[in-house]
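K.L.:
Only the shape, not the letters, is given here:
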């Protein structure tokens, strides 16, 4: 567990409402921490953009080996900050328990909806919609009739990825076969930071006939992508545009605009426009979607590419029903 204090070399003029002092933002990363080239790094990009614009002091808390933050470290961070931005569903319990104790602090939770708290806002991505497209593409491109999915651990957002991927694959090719594995059991977030295990699990799926694997496993996904490159197969990246990590190997990436969401939420606080409750980002809001496929577009037949575009339009028009994520339907107690 470690804190990192970042400061700007050049102090920018703060353009928000009058603060009694320079505002302090605490950024609690997801399980694998910074440097994952995915979930956390994309979120951090939005945080840094907001910092450059609003000149707040930034304190970063990266979780320990189990992927979670302790109550002790979280409480210490809260006491130092005006605003807390937390990435990942594993932080939900801490926020629900501690936000009532600090009504003067603002809490922003990415990935899980929190309702009924005046000082908590949250962001929920309909990753099910974007994953539906990824599944349809993987199935339509498959030459073996089998594709794969590897998740870090089964938490509601990752389960949404899986469900959307499976539904999209079955929509594209009804008799497609899908191998599904999770790196660690429920409650163990180390599955998001074990590229070696991800590599081994992916190689097993490829040996068993899968020709494309969708990785939803944070830093572990880097090992899965390497397995795809080694095997001459495809992987599908997640959260950020990971297509360039192995050009021609990453078929596409299911992008979640985490940077946009983090920036928007911090901007609202800094401008005095904080709005409690959840905000939703789906295909219609351009909050999720597939990457431009710069390195694989020439490998995808035009009829498949156009089919994916048609499916996307049908989802937005509600001609294809992709139910809201179960997590988005939950309520605070």
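P.N.:
Nice, I can see it. Note that this is a predicted model, so its numbers are computed, not measured.
K.L.:
When you work out contacts or count neighbours from here on, use the C-alpha atoms and nothing else.
P.N.:
Fine.
K.L.:
could you point out which element follows the worst-scoring helix or strand of the chain on mean pLDDT?
P.N.:
Within the chain, confidence by mean pLDDT, DSSP states H and E is lowest for strand 2-6 among all helices and strands, at a mean of 42. Downstream of strand 2-6, the next assigned helix or strand under DSSP states H and E is strand 24-28.
K.L.:
Please name every helix or strand in contact with that following strand.
P.N.:
In terms of contacts (3 or more CA pairs under 8 Å, 6 or more residues apart in numbering; DSSP states H and E), strand 24-28 is packed against strand 57-62, helix 71-80, strand 83-87.
K.L.:
So which of those is the most surrounded?
P.N.:
Highest mean neighbour count among those (mean count of other CA atoms under 10 Å): strand 83-87, with a mean of 25.
K.L.:
I'd like the domain boundaries of this protein, if you could list them.
P.N.:
Following automatic domain parsing, one gets these domains for the chain: 2-125+258-281, 127-257+287-324.
K.L.:
Figure out how far the first one is from the centre of its chain.
P.N.:
With CA atoms, centre = their mean, to the nearest Å as the basis, domain 2-125+258-281 stands 15 Å off its chain's centre.
K.L.:
I'd say residue 176 and residue 143 touch.
P.N.:
No. Distance between residue 176 and residue 143: 10.4 Å, which falls outside the contact criterion (CA atoms under 8 Å).
K.L.:
The two: who's more crowded?
P.N.:
Counted by other CA atoms under 10 Å, residue 176 and residue 143 do not tie: residue 176 has more neighbours, with 18 against 13.
K.L.:
Can you report phi and psi for the more buried one?
P.N.:
phi -60, psi 140 (degrees, to the nearest 10).
K.L.:
and it, what does it touch?
P.N.:
Each residue near residue 176 by CA atoms under 8 Å, 6 or more residues apart in numbering is listed here: 139, 145, 146, 147, 169, 170.
K.L.:
Could you tell me the least trusted of the helices and strands packed on strand 24-28?
P.N.:
Lowest mean pLDDT of these: helix 71-80, a mean of 91.
K.L.:
Which residues does that one contact?
P.N.:
Residues contacting helix 71-80 (CA under 8 Å, 6+ apart): 24, 26, 61, 84, 94, 98, 105.
K.L.:
So which of those is surrounded by the most neighbours?
P.N.:
residue 84 (26 neighbours).
K.L.:
Wait, it touches residue 102, no?
P.N.:
No. Counting by CA under 8 Å, residue 102 is not a contact partner of residue 84; they are 11.1 Å apart.
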